[in-house]
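Asker: Need coordinates for the below:
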Amino acid sequence: MKIVITIWFLVSACILRAQDSSFFTSAKTIEGEYADFTVDNLGNYYLLSKENQLKKLNNRGDSMGVFNDVRRYGKLFSMDVTNPLKVLLYYKNFSTVVVLDRFLNIVNTIDLRKQNIFQVKAIAQSYDNNIWLYDEQNNKLKRIGEKGEVISETVDLRIIFDEVPSPTHIFDHDGFVYLYDPEKGFYVFDIYGSFKTKISYKGLTDVTVIGKTILGIDNKIIIAYTTGTLTEKRLPIPQGFTEYQKAVIQPGHLYLLQNNSIKHFTF
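Answerer: Numbers count the residues shown, from 1 in each chain. A predicted model of the protein is given here:
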């Protein structure tokens, strides 16, 4: 029995190595030291320096804009570039959302404290060009408008769950809203705020949702789970690049932030 198990592990390891070498092709390297980054669906890069300056590059590496209002807002907590024409920056320490245009000029600022919203860890672009957020003070998923007004909200989730989520990410795709809590998994709602299902993928990093597919990384393995077909696919991070600070996964693309560069792979 031990021999059979050993052979199975060896075969699995060989398959993963073969997939690694055949699936990924190195496409581009962006040199520089960055604190954070992301990539939109057009291949534009959003690069956050360690001094909190945000720079946008197109997929050819040309500069498209710079946002540098560090003194007013401090440290950037998260950014959402789901809509490249409307970039959302969230400054958690000030409970403030800054909305930028495609050239990183300020279009709007939303002070959540004026709406009595004080505890938020995750925001996201909504299907109708508004903003989703999860208010941890009253345990509700809320959709707010450009002035911060609440357009819609769920019931207090303590009514539904024994343990309420504390999401670090929110995604709006194909008529569903996904809240991800690394300790509890995905909570899925429809766009009207009705709870639909829970998906127990825990401990994933670098999560995203594309269409009806949930993607994330678990122990250097990319996991792609499609909710409609309930199928799962796994693919290892390219050999030699398993030490990284952040990964961004797009259809056919993998981006890895390392100490002195961002590596772009196609697959």
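Asker: Could you use CA atoms for every contact and neighbour count after this?
Answerer: Will do.
Asker: Quick check: beta-bridge partners of the spatially most central residue of the chain?
Answerer: Computing the C-alpha centroid of the chain and ranking residues by CA atoms, centre = their mean puts residue 208 first, at 4.8 Å. Beta-bridge partners recorded for residue 208 (DSSP bridges): residue 215.
Asker: and the residue nearest to residue 44 when sequence neighbours are not counted, how many residues sit next to it?
Answerer: Nearest in space to residue 44, with sequence neighbours left out and distances taken as CA to CA, 6 or more residues apart in numbering, is residue 58 at 4.3 Å. Residues lying near residue 58 (other CA atoms under 10 Å) number 16.
Asker: how about residue 58, what does it touch?
Answerer: The contact partners of residue 58, by CA atoms under 8 Å, 6 or more residues apart in numbering, come to 43, 44, 45, 64.
Asker: Counting neighbours, which of those residues comes out on top?
Answerer: Counting neighbours by other CA under 10 Å, residue 45 leads those with 24 neighbours.
Asker: wait, doesn't that one sit right on residue 36?
Answerer: No. Counting by CA atoms under 8 Å, residue 45 sits too far from residue 36 to count as a contact (10.7 Å).
Asker: ok, then the element right after the strand or helix carrying residue 90?
Answerer: Element membership for residue 90, per DSSP states H and E: strand 86-91. With elements assigned by DSSP H and E, the helix or strand that comes after strand 86-91 is strand 96-100.
Asker: Following that following strand in sequence, what is the next regular element?
Answerer: Immediately after strand 96-100, counting by DSSP H and E, sits strand 106-111.
Asker: Just want the angle from that next one to strand 96-100.
Answerer: For strand 106-111 against strand 96-100, the angle by axes from the mean of the first three to the mean of the last three CA atoms, to 10 degrees is 170 degrees.
Asker: which ones are touching the residue nearest to the centre of the chain?
Answerer: 171, 214, 215, 216, 249.
Asker: and if we set it to 10 Å?
Answerer: 169-171, 178, 180, 214-217, 224, 248-250 (CA atoms under 10 Å, 6 or more residues apart in numbering).
Asker: what do you get for residue 192?
Answerer: 143, 152, 153, 154, 175, 176, 177.
Asker: So which of the residues you listed is surrounded by the most neighbours?
Answerer: residue 177 (27 neighbours).
Asker: Give the helix, strand or coil label for it.
Answerer: strand (DSSP: H, G, I helix; E, B strand; the rest coil).
Asker: Tell me how far it lies from residue 124.
Answerer: To residue 124, residue 177 is 10 Å away according to CA to CA, to the nearest Å.
Asker: who touches both of the two?
Answerer: By CA under 10 Å, 6+ apart, the residues touching both residue 177 and residue 124 are 132, 170, 171.
Asker: can I get the residues you listed in TSV with secondary structure?
Answerer: Below are the shared contacts of residue 177 and residue 124 laid out as TSV (three-state DSSP):
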residue	secondary structure
132	strand
170	strand
171	strand
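Asker: Neighbour count added to those, as TSV?
Answerer: Below are these laid out as TSV (neighbours: other CA atoms under 10 Å):
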residue	neighbour count
132	25
170	27
171	25
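Asker: re earlier: drop anything exposed from the contacts of residue 208.
Answerer: 169-171, 178, 180, 214-217, 224, 248-250 (16 or more other CA atoms under 10 Å).
Asker: For beta bridges, what are the partners of the nearest residue to residue 255 once chain neighbours are set aside?
Answerer: Closest residue in space to residue 255, ignoring its immediate chain neighbours: residue 264 at 4.5 Å, by CA to CA, 6+ apart. For residue 264, the beta-bridge partners are residue 28, residue 255 (DSSP bridges).
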